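Asker: take a look and give me a structure for this.
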Amino acid sequence: MHRTRASAPTDTEGARLVALDMALAGQPRDQVDAYLAEHFAGVDRVAVLDAVYASI
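Answerer: Numbers count the residues shown, from 1 in each chain. Model prediction:
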């Protein structure tokens with residue numbers, strides 16, 4: 001089954017999920033930021049990290 005572009009998760013959603021998982025596992029914000037920078041180019045990392053760390 002192929003996903004259409006409309007149903008594929010965005011990079012921001014993926015980055016948010018990864019950041020949340022890492023934060024819940026106890027990773028410090030700077031390490032999560034470095035991981036996102038390497039794997040999610042073009043994503044507003046500050047906004048993602050602010051949302052994730054504010055929610056935990």
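Asker: give me the element the residue nearest the centre of the chain is part of.
Answerer: Centroid check for the chain by C-alpha atoms, centre = their mean gives Ala15 as the closest residue, at 1.9 Å. Take DSSP states H and E as the rule and Ala15 turns out to sit in helix 11-24.
Asker: quick check: mean pLDDT of that helix?
Answerer: In this model, helix 11-24 has an average pLDDT of 96.
Asker: right, and the helix or strand after that helix?
Answerer: Next in sequence after helix 11-24, counting helices and strands by DSSP H and E, comes helix 29-39.
Asker: so which bits of that next one are buried?
Answerer: Residues 32-33, 35-36 are the ones in helix 29-39 that count as buried (16 or more other C-beta atoms under 10 Å). (Glycine included, C-beta is placed from N, CA and C.)
Asker: show residues contacting the helix holding Ala15.
Answerer: Here helix 11-24 makes contact (C-beta atoms under 8 Å, 6 or more residues apart in numbering) with 29, 31-32, 35-36, 39-40, 42-45, 48-49, 51-53, 55-56.
Asker: mind redoing it with 7 Å?
Answerer: By C-beta atoms under 7 Å, 6 or more residues apart in numbering, the surrounding residues in contact with helix 11-24 are 32, 35-36, 40, 42-43, 48-49, 51-53, 56.
Asker: any idea of the angle that helix forms with helix 29-39?
Answerer: Inter-element angle recorded for helix 11-24 and helix 29-39: 150 degrees (by axes from the mean of the first three to the mean of the last three C-alpha atoms, to 10 degrees).
Asker: pull helix 11-24 out as PDB, backbone CA atoms only.
Answerer: Extracted as PDB, the C-alpha positions of helix 11-24 are listed here (Å, rounded to 0.1, in the frame of the first residue of the first chain):
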ATOM      1  CA  ASP A  11       8.600  16.400   8.800                       C
ATOM      2  CA  THR A  12       7.400  18.600  11.600                       C
ATOM      3  CA  GLU A  13       5.100  15.900  12.900                       C
ATOM      4  CA  GLY A  14       7.900  13.300  12.700                       C
ATOM      5  CA  ALA A  15      10.300  15.600  14.500                       C
ATOM      6  CA  ARG A  16       7.700  16.300  17.200                       C
ATOM      7  CA  LEU A  17       7.200  12.500  17.800                       C
ATOM      8  CA  VAL A  18      10.900  11.800  17.900                       C
ATOM      9  CA  ALA A  19      11.600  14.800  20.200                       C
ATOM     10  CA  LEU A  20       8.700  13.700  22.500                       C
ATOM     11  CA  ASP A  21      10.100  10.100  22.700                       C
ATOM     12  CA  MET A  22      13.600  11.300  23.400                       C
ATOM     13  CA  ALA A  23      12.400  13.800  26.000                       C
ATOM     14  CA  LEU A  24      10.300  11.200  27.800                       C
END
